[in-house]
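Novice: 3D, please:
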Amino acid sequence: MQIADLLRFQTRIEKLQIMSFDMNIYLVNITTAKYDGLIKDASGRPQRFKSVTQVKDELQHCQVMQAELIHESPYDEMVGNPERVDNKLVIPVNMTEAY
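Specialist: The predicted model follows:
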């Protein structure tokens, strides 16, 4: 689903997950009544966002019930520690509050 579709149909987003990759790559997974998956760009590839603020700006007219930022850290492996089963940091995001 594309952002334009979400806005055009005034889609209610039950859950929005902003997944953080690298320094400025964010992908967004949404769950609605009819769709569960990544937001796509015009070519059908996952839409890349540069910041959480950009996600908020682009989806400001959508009704988002729950939002969270997810970051999985590779740092244990990078310093020679054993890989942890769950290295995920999950932070609630307020989609209505501006920075």
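
Novice: what bits of this structure have low per-residue confidence?
Specialist: Applying pLDDT under 70 to the chain picks out residues 74-86, 98-99.

Novice: which stretches in it count as strands?
Specialist: Assigned by DSSP state E, the strands in the chain fall at 12-13, 15-21, 25-31, 36-38, 63-64, 67-72, 88-92.

Novice: need those in CSV (columns: mean neighbour count and distance to residue 44).
Specialist: (Glycine included, C-beta is placed from N, CA and C.) Output for these, formatted as CSV (neighbours: other Cβ atoms under 10 Å; distance: least, Cβ to Cβ, whole Å):
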stretch, mean neighbour count, distance to residue 44
strand 12-13, 16, 20
strand 15-21, 18, 18
strand 25-31, 18, 14
strand 36-38, 13, 10
strand 63-64, 16, 23
strand 67-72, 16, 23
strand 88-92, 11, 27
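
Novice: just put those strands in CSV and tack on distance to residue 6.
Specialist: As requested, those are exported to CSV (distance: least, Cβ to Cβ, whole Å):
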stretch, distance to residue 6
strand 12-13, 7
strand 15-21, 10
strand 25-31, 8
strand 36-38, 12
strand 63-64, 10
strand 67-72, 14
strand 88-92, 21
